[in-house]
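K.L.:
what's the 3D shape of this:
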Amino acid sequence: MRFGPAGYPSAGKKPEGALEYTRNLGLDALEVEFVRGARISPERAQEIGAKAKELDIRLSCHAPYFISFNSDNPETREKSIEWVTSTARAAHNLGAYIIVIHAASYGKSPETALPLVISGLSKCKDILDDEGIKDVVLGVETMGKIGQFGTLDEIGKVMDSVDGVRPVLDVAHVHARGRGRLKTREDMQALIDEFFPLCGDIAHFHISCIKYGDKGEISHLPLEARDPDMQMLADVLEDSRQECTFICESPLIEQDAVVFRDMFPAFRRP
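P.N.:
This next block holds a predicted model:
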């Protein structure tokens, strides 16, 4: 199991310094946030990736928020393909194993979301395969608002049609979408039992607590909010043999990554 922040901690100033700071906290994963576009040269990405490899930090990347394969605008759907593929190229140069994608909202035509997500990601996969980029998983995130595409069931249907796709389980999003669904250890166990058959070699998690309302997610919260109580997740996974990466998206990205790691007795630092 590996733990780390969503983004470079600000204490590090430059990416290499942020990676060193992250490792000094006893963390060994980091998600590079390309949420406004993957604007990085191959050479710079390779330099950062080499530093991460030296420090034994597992990298992942988050694709831009603008992606919307179910947009009414054909141009946005086309651009979504470029946003995904450019992020995958950057991830490949970084040595990151997965990119995280917000695939679509339902908009005015929820019935088209699944086929258009399948179509869009199929085109992305074909482009990347043609370029020889086969080492980057297309991770579709479980989403926190009821108007967004991204339940585990929906992602499983995408996987049936597109190779190289896996779910990214944002536990807080599932909780918010279900208006406080994860109340007990049994609730958390049921979620993991649904996720692990789909997750592949490495289960990729986003963790935080969350504020929610009738339409689902409102905002992420620190782990001290205990909504949901992330100790339940640690308890469920304590004896698991599944390889996992936990990326902290709370407002306290590196501090709460340490807090969550220390919920596992086997990973707690002295």
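K.L.:
Pop out the phi and psi values for residue 61.
P.N.:
Note on residue 61: its backbone torsions stand at phi -140, psi 150 [degrees, to the nearest 10].
K.L.:
So it is in contact with residue 101, correct?
P.N.:
No. In this structure residue 61 lies outside contact range of residue 101 using C-beta atoms under 8 Å: 10.0 Å. In short, each C-beta sits where N, CA and C put it, glycine included.
K.L.:
what helix or strand does residue 48 sit in?
P.N.:
Taking DSSP states H and E as the criterion, residue 48 maps to helix 42-55.
K.L.:
Would you mark the buried spots in that helix?
P.N.:
Of all the residues in helix 42-55, those buried under the rule 16 or more other C-beta atoms under 10 Å are 45, 47, 48, 49, 51, 52, 55.
K.L.:
Count the residues that sit near the nearest residue to the second one once chain neighbours are set aside.
P.N.:
The reference is to residue 47. With sequence-adjacent residues excluded and distances taken as C-beta to C-beta, 6 or more residues apart in numbering, residue 47 is closest to residue 16, at 7.8 Å. When neighbours are defined as other C-beta atoms under 10 Å, residue 16 has 17 of them.
K.L.:
and the host helix or strand of residue 16, average pLDDT?
P.N.:
In the assignment (DSSP H and E), residue 16 maps to helix 15-24. The predicted model assigns helix 15-24 a mean pLDDT of 97.
K.L.:
try stretch 203-223
P.N.:
Rounded mean pLDDT across stretch 203-223 is 97.
K.L.:
Mind listing what's buried along that stretch?
P.N.:
In stretch 203-223, counting by 16+ other C-beta under 10 Å, buried: 203-210, 212, 216-217, 220-221, 223.
K.L.:
Between those, which sits nearest residue 96?
P.N.:
residue 204 (11.0 Å; C-beta to C-beta).
K.L.:
List the residues that contact the closest one.
P.N.:
With contact set as C-beta atoms under 8 Å, 6 or more residues apart in numbering, residue 204 has these partners: 60, 98, 100, 137, 139, 166, 168, 169, 244, 245, 247.
K.L.:
what's the helix or strand for it?
P.N.:
Per DSSP H and E: strand 202-207 holds residue 204.
K.L.:
now do residue 129
P.N.:
Going by DSSP H and E, residue 129 is part of helix 113-130.
K.L.:
That helix packs against which elements?
P.N.:
helix 74-94, strand 137-141, helix 152-161 (3 or more C-beta pairs under 8 Å, 6 or more residues apart in numbering; DSSP states H and E).
K.L.:
how far out from the middle of the chain is it?
P.N.:
18 Å (C-alpha atoms, centre = their mean, to the nearest Å).
K.L.:
Next: stretch 252-263.
P.N.:
For stretch 252-263, the separation from the chain centroid amounts to 16 Å (computed by C-alpha atoms, centre = their mean).
K.L.:
Which residues does it contact?
P.N.:
Outside stretch 252-263, the residues within contact range by C-beta under 8 Å, 6+ apart are 3-7, 9, 11, 21-22, 25-27, 207-208, 222-223, 230-231, 234, 246-248, 250, 267-269.
K.L.:
ok, and what's touching stretch 139-150?
P.N.:
Residues from elsewhere that reach stretch 139-150 (C-beta under 8 Å, 6+ apart): 60, 70, 98-107, 113-114, 117, 121, 151-152, 155, 158, 165-170, 172-174, 176-177, 204, 206, 210, 212, 215-217.
K.L.:
Please, a PyMOL command that selects the buried ones among those?
P.N.:
Entered in PyMOL, the line below selects the buried ones among the contacts of stretch 139-150, by 16+ other C-beta under 10 Å:
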select buried, resi 60+70+98+99+100+101+102+103+104+105+106+113+114+117+121+151+152+155+158+165+166+167+168+169+170+172+173+174+176+177+204+206+210+212+216+217
